[in-house]
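Engineer: need coordinates for the following:
(4 chains)
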There are 2 protein chains.
Amino acid sequence: MDKVLTISEISRRSGVAASALRFYEERGLITSERAGSGHRRYPRSVLRRIAFIVFAQRIGLSLTEIGEELAKLPADRTPKREDWSRLSGIWLKRVNARIAELERLRDGLTACIGCGCLSIDRCELSNPQDHAGRNGPGPRYWM
Amino acid sequence: MDKVLTISEISRRSGVAASALRFYEERGLITSERAGSGHRRYPRSVLRRIAFIVFAQRIGLSLTEIGEELAKLPADRTPKREDWSRLSGIWLKRVNARIAELERLRDGLTACIGCGCLSIDRCELSNPQDHAGRNGPGPRYWM
DNA sequence: CTACAAGTTAAAGTGAACTTGAAGTCAAGA
DNA sequence: TCTTGACTTCAAGTTCACTTTAACTTGTAG
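Structural biologist: Numbers count the residues shown, from 1 in each chain, chains lettered A, B, ... in the order given. Got it, this is the predicted structure:
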């Protein structure tokens, strides 16, 4: 039984909205077969791919970056340990960097309360240098 | 000498673009006096307020939230230790929560490599439940 | 055959946090 | 006087990750 799934089934099982799934397909992050009716039909393997996307998003990657990461995985076969560990190395660095930054900010936060200086500006916690320098329009999120 | 500063001076010292400073003023996050010419003039205290904003942003607060936090601070006097520690308590919780999540994700990441299962979907690292359930349009960032 | 749910596409809308552009004002220096 | 540079406002543009809407087609139940 090589059961294929409809978009609403995939949506329910993955927790990702159907509209988002169509959007991901448009962006080339996932693919689908079509039934005679033109309706999307997904193999169960797409759930793994979606999990990958959601996971990477939570880690802080943009959809563009996720697309690049997915492109490194073999499209034909199930990813092997080395494919996976190659990717996760980059991810690990990113997560660690972000954790380190948050810890730095947190420590500064408690230090400022502890010492009573109340001067985040002088404490240089906000550290303009490493956040400034992004140009162009659009929202700028940290990470 | 009660020197006031121009917008470009504030911009240079804070690392925040002049356009962003005007935007913050429009949003009510900072205020300015005006010179006879109509040009903005800032007291040096605004630098502290901007540092506060930048810091809070890096911690993950939206401008709306930052506005609410700033509203809790006394506008007339320099914030005292208790004002400051009241705020930072909430922040601390948030930062800790985010750090905890990132650590959970990271541990799952290394575990998946270590055990070789390569199945983030079955490992439930992506955990649909705590990320789904945000409705409405617009981008949905974690945190 | 008729409803009705579930799917399709393409285009437009959304929220956040700004930036950019156009058109104008003002003071100081050559 | 002319030019330059720094400032002003207001409206519109930008990016991201989607959602919503409109108009339409398909599959299934009664």
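
Engineer: which residue is nearest the middle of chain A?
Structural biologist: A:Gln57 (1.7 Å; CA atoms, centre = their mean).

Engineer: wait, that one sits on A:Glu65?
Structural biologist: No: A:Gln57 is beyond contact range of A:Glu65, at 9.7 Å (criterion: CB atoms under 8 Å). Every residue, glycine included, has its C-beta placed from N, CA and C.

Engineer: helices along chain A, start to end?
Structural biologist: A:7-14, A:18-26, A:45-59, A:63-72, A:81-115, A:120-123 (DSSP state H).

Engineer: quickly compare these and say which is most buried.
Structural biologist: Ranked by mean neighbour count, the helices of chain A are led by helix A:45-59 with a mean of 21 (mean count of other CB atoms under 10 Å in any protein chain shown).

Engineer: can you confirm whether it lies near DNA strand C?
Structural biologist: No: Helix A:45-59 lies apart from DNA strand C when judged by CB under 7 Å from any atom of the strand; the minimum separation is 12.5 Å.

Engineer: check which helices and strands that helix is in contact with.
Structural biologist: If contacts are counted by 3 or more CB pairs under 8 Å, 6 or more residues apart in numbering or on different chains; DSSP states H and E, helix A:45-59 sits against helix A:7-14, helix A:18-26, helix A:63-72, helix A:81-115, helix B:81-115, helix B:120-123.

Engineer: and the residue of chain A closest to DNA strand D?
Structural biologist: Per CB to the nearest atom of the strand, A:Gly138 is where chain A lies closest to DNA strand D, at 2.4 Å.

Engineer: so for that residue, what's the pLDDT?
Structural biologist: A:Gly138 is assigned a pLDDT of 79 by the prediction.

Engineer: likewise the one 3 residues further on?
Structural biologist: If you check A:Tyr141, the pLDDT there is 71.

Engineer: that one: neighbour count?
Structural biologist: As a burial measure, A:Tyr141 scores 13 neighbours (other CB atoms under 10 Å in any protein chain shown).

Engineer: do you know how far it is from chain B?
Structural biologist: 6 Å (CB to the nearest CB, to the nearest Å).

Engineer: in TSV: the helices of chain A, plus mean pLDDT.
Structural biologist: TSV is the format used below for the helices of chain A (pLDDT from 0 to 100):
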stretch	mean pLDDT
helix A:7-14	94
helix A:18-26	97
helix A:45-59	88
helix A:63-72	91
helix A:81-115	79
helix A:120-123	49
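
Engineer: I'd like those helices written out as JSON lines, with distance to B:Leu61 added.
Structural biologist: Shown next, in JSON lines, are those (distance: least, CB to CB, whole Å):
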{"stretch": "helix A:7-14", "distance to B:Leu61": "29"}
{"stretch": "helix A:18-26", "distance to B:Leu61": "26"}
{"stretch": "helix A:45-59", "distance to B:Leu61": "19"}
{"stretch": "helix A:63-72", "distance to B:Leu61": "24"}
{"stretch": "helix A:81-115", "distance to B:Leu61": "12"}
{"stretch": "helix A:120-123", "distance to B:Leu61": "14"}
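
Engineer: thank you kindly, that will do.
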